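Participant: Let me see the structure of the following:
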Amino acid sequence: MIHVERKQQDRAAQTRDMILEAASKVLFEEGYSAATTLHIQQVAGVSRGRLLHHFPSREVLLTAAVHHLAEVRIAELTAGVTIPDDVDERIRFAVAAMWEITGQSCFWASMELWMGARTANPELREALSRVEPAMLGILRDRADELFGERIVARPDYVRTREVMITSMRGARLAYTFHPRDPHTDPALAHWEAMFSALLEVSGRVDA
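Facilitator: Residues are numbered from 1 along each chain as shown. So this is what the prediction gives:
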């Protein structure tokens, strides 16, 4: 009996993941207007009943999909990487990694929801307001891991981290109209300088 229940739970989890992956794919590739439950159901290859069992509304489904995508993609992007020990190299590495993260499909899927929530969908706005803090938390936690204790412990680190995340998101939006090579974006040097300044103020006592 326990074995049967476990198999049912596994199937349910697999179905849920399939739906979330399909919703994320549609949001990223086709946009918010195309991300209807019917279309997502077709892309996922599941029945209407199965989709509604896991996600009773479009708004709950889409916000869950973006959160799922952020967790998976951000973890994949930096899994197994070797972080430099030298503090200056670590700053460059961390800034580059965070910049790469904000360019992932989860960011653009989030932007689709932001626009939908802003214009005409109070239900989506309410659902997104519950998920967005968790997504921002993922970014903050990853930044803290990448920069490391020596930098995180510096006074004004949190404010600097928030400025970086906010400005990275804004800079990414500009790529919609002005595509260019993100690896040579001049803002990278500015973000690096912000974190280097934290160490300079403290006299780099633990560098």
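Participant: I'd like the distance between the spatially closest residue to residue 25 that is not a sequence neighbour and residue 179.
Facilitator: Leaving aside its chain neighbours, residue 25 sits nearest to residue 43 (6.5 Å; criterion: CB to CB, 6 or more residues apart in numbering). Where C-beta positions appear, they are placed from N, C-alpha and C, glycine not excepted. As judged by CB to CB, to the nearest Å, residue 43 and residue 179 stand 27 Å apart.
Participant: I'd guessed residue 47 sits against residue 38; true?
Facilitator: No: in this structure, residue 47 is not within contact of residue 38 by CB atoms under 8 Å, at 11.7 Å.
Participant: If we ignore the residues flanking it in sequence, what's nearest residue 195?
Facilitator: residue 91 (4.8 Å).
Participant: gap between the one you found and residue 150?
Facilitator: When residue 91 is compared with residue 150 (using CB to CB), they lie 10 Å apart.
Participant: Show me which of the two is the more surrounded one.
Facilitator: residue 91 (23 against 16; other CB atoms under 10 Å).
Participant: phi, psi of that one?
Facilitator: When read as degrees, to the nearest 10, the backbone of residue 91 gives phi -60, psi -50.
Participant: how about it, what does it touch?
Facilitator: 147, 151, 192, 195-196 (CB atoms under 8 Å, 6 or more residues apart in numbering).
Participant: now it: how far from residue 13?
Facilitator: 39 Å.
Participant: ditto for residue 87
Facilitator: 42 Å.
Participant: quick one, which of those two is more surrounded?
Facilitator: residue 87 (17 against 11).
Participant: can I assume that one is in contact with residue 150?
Facilitator: Yes: counting by CB under 8 Å, residue 150 is a contact partner of residue 87 at 6.1 Å.
Participant: quick one: stretch 166-179 to chain centroid distance?
Facilitator: 15 Å (CA atoms, centre = their mean, to the nearest Å).
Participant: Not counting that stretch itself, show me its contacts.
Facilitator: Stretch 166-179 is contacted by residues 98-99, 102-103, 107, 111, 182, 185, 187, 191 when judged by CB under 8 Å, 6+ apart.
Participant: try 10 Å this time
Facilitator: 95, 98-104, 107-108, 110-111, 114, 136, 139, 180, 182, 185-188, 190-191, 194 (CB atoms under 10 Å, 6 or more residues apart in numbering).
Participant: Of those, which belong to helices?
Facilitator: Mapping these onto helices (DSSP state H) picks out 95, 98-101, 107-108, 110-111, 114, 136, 139, 187-188, 190-191, 194.
Participant: Spell out for me the ChimeraX command that would select the buried members of those residues.
Facilitator: Of the ones in helices among the contacts of stretch 166-179, the buried ones go into a single ChimeraX selection, burial set by 16 or more other CB atoms under 10 Å:
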select :95,98,99,101,107,108,110,111,114,139,187,188,191,194
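Participant: Work out which residue lies at the spatial centre of the protein.
Facilitator: residue 70 (3.7 Å; CA atoms, centre = their mean).
Participant: shouldn't that one be in contact with residue 139?
Facilitator: Yes: applying CB atoms under 10 Å, one finds residue 70 in contact with residue 139, separated by 8.1 Å.
Participant: Noted, bye for now.
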